[in-house]
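Asker: Model the structure of this input:
(one chain, ligands or ions: 1)
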Amino acid sequence: MSVKLGPNRYGKAEIRLVRVVRDGPVDDAVHHVKDLNVSTSLSGDMDAVHLTGDNAAVLPTDTQKNTAYALAREHGVGQIEEFALLLARHFVESQPTVHHARVEIDEYAWRREGPHSFVREGGEVRTCAVHHDRDGRSTVVSGLKDLVLMNTTGSEFHGYIVDEYTTLQPTTDRILATAVAARWRHTGDTTAYGKSYEQVRGSLLDAFAGTHSLSLQQTLYAMGERALTACPEICEIRLSMPNKHHFPVDLSPFGLDNQNEVFFAADRPYGLIEGSVLREDASDAGFAWE
Ligand SMILES: O=c1[nH]c(=O)c2[nH]c(=O)[nH]c2[nH]1
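Answerer: Here you go, the predicted structure:
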């Protein structure tokens, strides 16, 4: 039997990193925090390590982790996309055996409660995934996940295929609830990642709340379209949205009606609606989504 090594990469997953910045006199400083989960992944001249156990080309994952902490100390974090690019470029530019770096970062939000006190926001997580290769090409995908949304009316679903297995009743008034995971690809024309994050997030919320929905698919498209319209520096957005079903409870055994007021919130199974919306003239994605 003849086999060969296929695509491979390696790195440190889920490096938890909290960076504190102190602003002002030591006794009376206002603190700022960045709370990150960083994952690095490198590829390049890695045949020997797999085929013969020669580790000479390998930058250990332990070193990758240390690098994240050291660069956070030296440079600060700023926008997660900037820090991810700093790390990715560092690995590729400092190590000839590393030809490609992918750095993914999740950022957890803390709301200020005092000069050095914070409350963890329970809601969405900001995300990014950047790539950098030895030809100097970089891609940046930003995103969010766990953005839980609900409309308690303004959602219908009917007109679908009915076959011998269909039991679903058509509805003209249902709860529409989801947990949005969105990732958007930057054209490369901007580094204003904080601003575009706010624009895209705001667009997703506006379109979800403002669309009278005939399906979650229609809502997904409206959300993507709104984000692309609001934010010229992104060219493609990918959305993944579970349909978190809410079933009206049959209260007739108790002599009670239920005019869409009492629901069973099911956690599984759930519909999973996914799609991308992109500009007609979107540039080639290259390795951005890998
Ligand atoms: O918005 C929806 N899209 C579907 O494709 C679907 N399928 C289903 O059973 N309910 C729903 N709702």
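Asker: Look up which residues are beta-bridged to the residue in the stretch 51-200 of the chain that the ligand sits nearest to.
Answerer: Proximity of the stretch 51-200 of the chain to the ligand (C-beta to the nearest ligand atom) peaks at residue 157, 4.5 Å away. No exception for glycine: its C-beta is placed from N, CA and C like everyone else's. Beta-bridge partners recorded for residue 157 (DSSP bridges): residue 171.
Asker: Test my guess that residue 287 contacts residue 135.
Answerer: No. Contact criterion C-beta atoms under 8 Å: residue 287 and residue 135 do not qualify, at 11.1 Å.
Asker: Between these two, which is the more surrounded one?
Answerer: residue 287 (12 against 8; other C-beta atoms under 10 Å).
Asker: And the more buried one, which helix or strand is it part of?
Answerer: Take DSSP states H and E as the rule and residue 287 turns out to sit in neither a helix nor a strand.
Asker: next one: phi and psi at residue 103?
Answerer: phi -130, psi 120 (degrees, to the nearest 10).
Asker: partners of it in the sheet?
Answerer: Under the criterion used (DSSP bridges), residue 103 bridges to residue 40, residue 130.
Asker: For it, grab the count of nearby residues.
Answerer: Residue 103 has 28 nearby residues by other C-beta under 10 Å.
Asker: Check residue 205 too.
Answerer: For residue 205, using other C-beta under 10 Å, the count is 15.
Asker: Also the one 10 residues further on?
Answerer: Counted with other C-beta under 10 Å, residues neighbouring residue 215 total 18.
Asker: Could you double-check that it sits in contact with residue 157?
Answerer: Yes. Taking C-beta under 8 Å as the definition, residue 215 is a contact partner of residue 157 at 5.9 Å.
Asker: For the protein, identify the residue most remote from the centre.
Answerer: The centre of the chain is farthest from one residue, residue 255, which by C-alpha atoms, centre = their mean lies 46.1 Å away.
Asker: residues in contact with that residue?
Answerer: If a contact means C-beta atoms under 8 Å, 6 or more residues apart in numbering, then residue 255 has no contacts.
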